[in-house]
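show me the folded form of this:
(2 chains)
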Amino acid sequence: MNTLVLASELSGRVVVTLGGEAVAQIKDVVFDGPAGRITGFTLSGRGLLAGPLKQSLRFSHVHAIGPSAVMIVSQSLFEDRDAVVGRGEAGRGRVLGAPVLTEEGTDIGTVADVVVETGSSGRVVGFEIAANDNLDPEHRKVFVPRGQSLAVSGEALVIPAQAQRFVADDLPSFAAQAEAFLTHMRQR
Amino acid sequence: MLFTQAFGLPVITADDATTVGKVADLTVDAHNATVAAVRLSGASDRAGVLAWTAVEAVGPDAVIVRSRVTAEQDQDRLPAHHRALGSRVLTEHGAEHGTVRDIAFDPVSGRVLTLYTALGEITGARLMGLGSYATVVRAEPV
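Below you'll find the model as predicted:
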């Protein structure tokens, strides 16, 4: 499995062509909720004072998400902003803060961030959740794997009941937990 | 030969043995992993850039070009110059790999042989791009 990254950490990451030119930076991540993957990115110009760009980057045109940069083949693949934003079922802004319910109907907290795989898959692996009393009396932020089918809307995120048993406190240990959860679900 | 060894060498014409300048930098064609041009300092006129095709030989003490006339040809087809030494190195997967400290090249063919970075050597064949932000290299085959 590729290294994991929080979607919020992708904001501000530089977009570099394979020709070695920095052409933009990531502004926001747009998700396709039902498909459980990144649809694309909205972009801003480079530098402190640069504003948002009218263009966006569809995920299929991303060569790789790396720890230091998002690599693309060419700047000519940028599209009109609406091409990406309009298609996303659930923008990140609406996923964040949404209440998290288990399949059994227990409210376990709210979505704090989205965990995605680096590399070229753009797959949503799970969520960082600001836990409430039902999950963690100390209200810590924990990582919960997503179910095979992802049920997310602007109103709520529903996760499988078993996912609660594969919770992790930090990203590195979450990678192993998410893997274990997938294996567990396949065996059922 | 290393880029740093070539820098500062006098560039001399073969036909009349005059100096046209000194090597200030070498322009890399990342697509073909070759040296595309020699940039000169102290050049008298517009011949500030020599296409590699005009270079007769790169020796330990001097760079020889055929003549002033051939030196001024082929300048339109050269790739844009980006300074390679000191450039940040990124793999195609978006991971940083130090900066380019020096480059070994074949003085006869102009082929880029090895990039030396603080984090190790990268063969010239892995070169994908060289721009104003970074030098991009292919990921190491696993």
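
ok, now which ones touch the residue in chain B that chain A sits nearest to?
Nearest residue of chain B to chain A, counting by CB to the nearest CB: B:Gly94, 1.7 Å away. Using the backbone N, CA and C atoms, a C-beta is placed for each residue, glycine as well. Listed by CB atoms under 8 Å, 6 or more residues apart in numbering or on different chains, the contact set of B:Gly94 reads A:16, A:64-71, A:118.

low-confidence ranges, chain A, go.
A:1, A:48, A:86-94, A:148-151, A:153-154, A:188 (pLDDT under 70).

and the lengthiest helix in it, what other elements does it pack with?
The single longest helix within chain A, with elements called by DSSP state H, is helix A:171-187. Using 3 or more CB pairs under 8 Å, 6 or more residues apart in numbering or on different chains; DSSP states H and E as the contact definition, the elements that helix A:171-187 packs against are strand A:4-6, strand A:107-117, strand A:124-131, strand A:141-145.

give me the domain ranges for chain B.
Domain assignment for chain B by automatic domain parsing gives B:3-77, B:88-137.

what is the end-to-end distance of the last one?
It refers to domain B:88-137. 11 Å (CA to CA, to the nearest Å).

same thing with the longest one?
Domain B:3-77 has an end-to-end distance of 22 Å (CA to CA).

distance between that domain and the chain's centre?
Chain-centre distance of domain B:3-77: 10 Å, with CA atoms, centre = their mean, to the nearest Å.

quickly check: that domain near chain A or not.
Yes - Domain B:3-77 reaches chain A (CB under 8 Å from any CB of the partner chain) through B:Ala30.

circling back: going by neighbour count, list what's buried in the longest helix of chain A.
A:171, A:174-175, A:177-178, A:181-182 (16 or more other CB atoms under 10 Å in any protein chain shown).

pop out the phi and psi values for the residue of chain B closest to chain A.
Main-chain dihedrals, B:Gly94, degrees, to the nearest 10: phi 80, psi 20.

how close does it get to A:Val5?
Distance, B:Gly94 to A:Val5, using CB to CB, to the nearest Å: 11 Å.

next one: B:Ala57
50 Å.

the two: which is more packed in?
Neighbour count, other CB atoms under 10 Å in any protein chain shown: between B:Ala57 and A:Val5, A:Val5 has more, with 20 against 11.

can you give the domain ranges for chain A?
A:4-90, A:92-187.

now do the shortest one: distance to the chain's middle.
What that stands for is domain A:4-90. Worked out by CA atoms, centre = their mean, domain A:4-90 lies 12 Å from the chain centre.

do stretch A:159-168 as well
18 Å.

buried residues in it?
A:159-160, A:163-164, A:166-168.

nearest to B:Thr135 among these?
Proximity of the buried residues of stretch A:159-168 to B:Thr135 (CB to CB) peaks at A:Ala168, which lies at 36.6 Å.

pretty sure the closest one sits against A:Phe143.
Yes - between A:Ala168 and A:Phe143 there is a contact under CB atoms under 8 Å: 4.6 Å.

quick one: contacts for the closest residue to A:Gly19 other than its chain neighbours?
Among residues not flanking A:Gly19 along the chain, B:Gly129 sits closest, at 3.8 Å (CB to CB, 6 or more residues apart in numbering or on different chains). B:Gly129 makes contact with A:17-20, B:30-31, B:135-136 under the criterion CB under 8 Å, 6+ apart.
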